[in-house]
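>>> Sequence and predicted structure below; questions after.
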Amino acid sequence: MKTSVSLFVLLSICLVLGSCSDSGSGQDPSDTFNQGEMLENMADNLIVPGFQSLETQVGLLDQSLDAFVQSPSTNTLDAAQSQWESAFMTWQSANSYNFGPGDRSLGTLEVLLGTFPVNTANIEANITDPSFDLNSSFALDIRGFLAIEYLLFGTSDDAAVVTQFTNSAARGTYLQTLSENLVSTVQDVNTEWATFSSSFVSQTGTDVGSSTTILFNNFASGFESLKNFKVGLPAGKRPGQTQAEPEQVEALYSAKSLEAIEAHLNTIENIWRGRSSSGQDGLGFVEYLNSVEGGPALVSATEAQLTAARAALSAVPDLSLSQNISQNITAVETLHTELQKLTRFFKSDMASLLGLSITFNSGDGD
Amino acid sequence: MLPNPASQMPIQSWKSYFEEPVSIAGLVTFRILFGLTMVFSTLRFMALGWIENQYTQPIVHFSYYGFDWVKPLQVEGMYLVFGLMALASLLIILGAYYRLASSVFFILFTYVELLDKTYYLNHYYFVSLVSFMLVWVPAHRAYSWDVWRQPKLQLSHIPRWMLGVFRLQLAIVYIYAGMAKISYDWLVLALPLKIWLPAKANLPWIGFIFRYKMTSYLFSWGGMLYDLFIPFLLLYRPTRVWAYLAVIGFHTMTGLLFQIGVFPLVMIMLSLVFFPTKLHQQVLDYVGKGLRAEPSTPRPRRSFSNRMLPGFFLVFIFIQLLFPWRYVLYPGNFFWTEEAYRFSWRVMLMEKAGTATFYVKDTCTGREGVVVNSEFLNAHQEKQMAMQPDMILQFAHFLGEHYAQQGLCAPEVRAEVYVTLNGRPSELLIDPRVNLTQKSHGWAHKDWILPHSQLPSFF
């Protein structure tokens, strides 16, 4: 038939064109990337170990808080404070997995454990309210790591904190309740990941419910919350803010904001590379991108900007973030700008090249 | 390729050819299939929770230019709209209160589509057009509730052109979609399929073929040829059955590969209009006998005639043929600018995504803040907005008004928008220095769109 002959001719032309444009690369690059292996690496070497160390750390925190509440002294407070810091930095390496077990009934792990700034007036009110029950409360800004931080670091003078706890048993009880809530939440997540892991690894593909898409969304939104809320908000970068608001930083009372930002950025970079927190590098988005059309160019552009963002972070002087915002706002603004430049690589470019579907709705592909 | 030697006829014979009575059956099955598809589509939309997602929860709605008076109702109201749409589709199937039902369906469906261009889909536009066409034709005057109630309404024949306009409308969709694929990216680079197909390499059974670049080329060229020629192959008797099998195969494949909703179903169903009316008559008679719906006495031969209708449809089709070409009036590469991109059957043509960062400045204090888009837009809106200049402008105007209400003094809004097209490194789409609150909506060319560094500036 005439149509099949002309079809054959046209197809031959396109095959010739196809092989011409391939010249040089030879092999089909997408042949080499195994998405399932990437997911396995993410689950086994990043996510699960991240939650396991977090469980260990909040367990240790719980013990040191108990010791402090039972015998408040500057010694027990110091121990509790340093354990809080250690657990809080570990939390930063587990804060970007708010799906599956990380998506709890009351909210995501990110808001349950990491909401800031906390509402200190409500915390004080809850302490003195004998009928208050944390488990039946929906409030987020009275719980989590940063509520514990407020109780441990709330006044600049450690001796004053000790006095607060010596004078009020209710304060100790509230602290212990917060800690128990933290421990049980992390334990639950950990337990659920033991079974969730295999379904996570098996949900390959690029559809909206696939693990790669879900992980990407969490990665991108984790990065955005770092930029928008941990840096932008206290630096006064939101429209309508009339000035910088240094009291809006994460970890205000312990003055560990910059360390937390660095730990958070490490997590983002680790997911990007598929690298465990101990530095073991496996399959990640870098390798995935390097296997697709246009990917290598995006990887090198992203790496260059990641380096610039890291340089901007190290250029922030060695004071707390809130002090820097008050005294060296330019350095913080530069950090914000460099993070902003990274956004398009992590957000739209990556999803586009990998062909990830972000929304459930049907589309024309336009 | 029409099965009639009409090529050398004088005008009068052309006229009589198109007015020659043919069985009404083809139109009746078209009505029924359209109604069935729409019942399914409407119920699916409700069941997926898209009414809340798309129309009642969002704070911002990206209305079409000139249609900003079209607003969503409260959630109960929107459910009522969709409920009525489902009911109207059901009545269209039955041919009951047909004029009213088809008018109601057209108006409600189009109303919903006009609410927010975020959700624009070519096949929704197609459904709007087809439902509009159905309002004017006597598709209910056989095998219908209306005829059962009022037997004198019954028609056995309609003029040939009346089926022709539906075939032509389908052909326009295919052929224009095919012409749109004749581009450098699509044919020479096999883009965006070279991005989309490898992403599907994990599919069972057939996934492995998407690992090969060759597959992307085959699909690009095959898709272009399919779109361009399928209407003719469907019209031509010797190829018709094979062509229809190709319709089923093609749309099933794209339906499995891409998130395109009911589009494959719509095309598979409605392409049956290319089959001869005799076949439709046989099917209807068979089904009718089973249902005992039709009298067994032979139907009287009564044909439809209306002097105004042919002219009306001639104008309609003329507009349909012309409208997609309006992109030639705009400078720049339309894949990049998307000026005159919609309503032109450009289906699944490019992989495009952007990140739009909006800066709002208080002109009294000079303080400039960065907007978090997701505080105002859902994920779908943000995604669509971030690559389409008209939506960027709409969102900028919204932000200007919003922050003026928040007490900012004469806010200026500018946007830094980086867009990647078919895997190319992302570039600035619009001039990031321009105060968008000073730019107006409309059909005029947006001179604040920046040219792409690699794409040709014409098309």
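Sure thing, it's come through.

>>> quick one: B:Q57 and chain A, what's the gap?
13 Å (C-beta to the nearest C-beta, to the nearest Å). Any C-beta I mention is one placed from the backbone N, CA and C, and that applies to glycine too.

>>> Next, that residue: phi, psi?
When read as degrees, to the nearest 10, the backbone of B:Q57 gives phi -80, psi -40.

>>> so it makes contact with B:N378?
Yes - shown here, B:Q57 and B:N378 form a contact pair, counting by C-beta atoms under 8 Å, at 7.0 Å.

>>> So for the two, which sits in the more crowded spot?
A direct count of neighbours by other C-beta atoms under 10 Å in any protein chain shown for B:Q57 and B:N378 places B:N378 higher, at 17 against 12.

>>> Hmm, B:E52 and that one touching each other?
No - applying C-beta under 8 Å, one finds B:N378 not in contact with B:E52, separated by 10.3 Å.

>>> What count of nearby residues applies to B:L314?
Counted with other C-beta under 10 Å, residues neighbouring B:L314 total 12.

>>> so is it in a helix, a strand, or just coil?
helix (DSSP: H, G, I helix; E, B strand; the rest coil).

>>> Let me see the confidence value for it.
You'll see B:L314 listed with a pLDDT of 95.

>>> now B:K15
B:K15 carries a pLDDT value of 83.

>>> From the contact counts, what lies against the helix or strand containing it?
Assigned by DSSP states H and E, B:K15 belongs to helix B:11-19. Secondary-structure packing of helix B:11-19 (3 or more C-beta pairs under 8 Å, 6 or more residues apart in numbering or on different chains; DSSP states H and E): helix B:160-180.

>>> Could you pull up the mean pLDDT of the helix it packs on?
pLDDT averaged over helix B:160-180 gives 96.

>>> Now do it: distance to the chain's middle.
13 Å (C-alpha atoms, centre = their mean, to the nearest Å).

>>> Contacts for the next helix or strand after it, please.
Using DSSP H and E, the helix or strand that follows helix B:160-180 in sequence is helix B:193-196. Outside helix B:193-196, the residues that touch it by C-beta atoms under 8 Å, 6 or more residues apart in numbering or on different chains are A:292-294, A:352-353, A:355, A:365, B:213, B:216, B:219-220, B:223, B:257-258, B:351, B:422-423.

>>> Which helix or strand lies directly C-terminal to the helix holding B:K15?
With elements assigned by DSSP H and E, the helix or strand that comes after helix B:11-19 is strand B:21-23.

>>> Show me what that next one pairs with in its sheet, parallel or antiparallel.
According to DSSP bridges, strand B:21-23 forms sheet pairs with strand B:157-159 (antiparallel).

>>> contact partners of the strand it pairs with?
Contact with strand B:157-159 is made by B:18-24, B:27, B:137-138, B:301-305, B:310, as judged by C-beta under 8 Å, 6+ apart.

>>> try 6 Å this time
With contacts defined as C-beta atoms under 6 Å, 6 or more residues apart in numbering or on different chains, strand B:157-159 is touched by B:E19, B:P21, B:I24, B:L27, B:S303, B:F304.

>>> which secondary element of chain A has the worst mean pLDDT?
Lowest mean confidence among the helices and strands of chain A (mean pLDDT, DSSP states H and E): helix A:2-22, at a mean of 44.

>>> Pass me the low-pLDDT residue ranges in the stretch 151-300 of chain B, would you?
Counting by pLDDT under 70, the ranges of the stretch 151-300 of chain B that qualify are B:290-300.

>>> wait, I meant the stretch 251-366 of chain A
Using pLDDT under 70, the stretch 251-366 of chain A drops low at A:360-366.

>>> ranges for the strands of it?
Assigned strands in the stretch 251-366 of chain A: none (criterion: DSSP state E, counting those that start in this stretch).

>>> Please, where are all the strands along the stretch 251-400 of chain B?
Under DSSP E, counting those that start in this stretch, the stretch 251-400 of chain B gives strands at B:352-361, B:368-370.

>>> which of those strands is buried the deepest?
Compared across the strands of the stretch 251-400 of chain B, strand B:352-361 shows the largest average neighbour count, a mean of 23 (mean count of other C-beta atoms under 10 Å in any protein chain shown).

>>> which outside residues touch that strand?
For strand B:352-361, the surrounding residues in contact (C-beta under 6 Å, 6+ apart) are A:239, A:343-344, A:347-348, A:352, B:368-369, B:371, B:386-387, B:392, B:399, B:403, B:411-421.

>>> Among those, name the ones in helices.
Among those, the members found in helices (DSSP state H) are A:T343, A:R344, A:S352, B:I392, B:L399, B:Y403.

>>> Farthest-apart pair in the residues you listed, please.
The span of these, defined through C-beta to C-beta, is set by A:S352 and B:Y403 at 29.8 Å.

>>> more crowded one of the two?
More crowded of A:S352 and B:Y403, by other C-beta under 10 Å: A:S352, with 26 against 21.

>>> my guess is that one meets B:V419, correct?
No - counting by C-beta atoms under 6 Å, no contact exists between A:S352 and B:V419, whose distance comes to 9.2 Å.

>>> Name the SS class of the spatially most central residue of chain A, please.
The centroid of chain A falls nearest to A:S96 when counting by C-alpha atoms, centre = their mean (3.2 Å). The three-state label given to A:S96 by three-state DSSP is coil.

>>> Among the contacts of strand B:157-159, which has the minimum pLDDT value?
Within the contacts of strand B:157-159, pLDDT is lowest for B:S303, at 69.

>>> ok, and does stretch A:187-203 reach over to chain B?
No - judged by C-beta under 6 Å from any C-beta of the partner chain, stretch A:187-203 stays clear of chain B, getting no closer than 9.7 Å.

>>> contacts for that stretch?
A:L39, A:E40, A:A43, A:V48, A:F51, A:E55, A:G100, A:P101, A:S210, A:S211.

>>> Which residues of chain B lie near chain A?
Proximity of chain B to chain A is confined to B:121-122, B:188, B:194-196, B:198-199, B:202, B:211-214, B:217, B:221, B:259-261, B:347-348, B:351, B:353-355, B:360, B:369-372, B:379-380, B:383, B:403, B:406, B:418, B:420, B:423, B:425-426 under the rule C-beta under 6 Å from any C-beta.

>>> Just the buried residues of those.
Neighbour-count burial (16 or more other C-beta atoms under 10 Å in any protein chain shown) is assigned, among the residues of chain B next to chain A, to B:121-122, B:194-196, B:198-199, B:202, B:211-214, B:217, B:221, B:260-261, B:347-348, B:351, B:353-355, B:360, B:369-372, B:379-380, B:383, B:403, B:418, B:420, B:423, B:425-426.

>>> And A:E180, how close does it get to chain B?
From A:E180 across to chain B, the span is 33 Å (C-beta to the nearest C-beta).

>>> what's the neighbour count on the residue lying closest to A:F153 once chain neighbours are set aside?
Spatial nearest neighbour of A:F153, excluding adjacent residues (C-beta to C-beta, 6 or more residues apart in numbering or on different chains): A:Y253 at 3.6 Å. For A:Y253, the count of nearby residues is 20 (other C-beta under 10 Å).

>>> B:L228: what secondary structure?
Going by three-state DSSP: B:L228 is helix.

>>> surely it meets B:G178?
Yes - with contact defined as C-beta under 6 Å, B:L228 counts as touching B:G178 (3.5 Å).

>>> more neighbours, the two?
Taking neighbours as other C-beta under 10 Å, B:L228 and B:G178 compare with B:G178 leading, 20 against 17.

>>> ok, that one - contacts?
B:M224, B:D227, B:L228.
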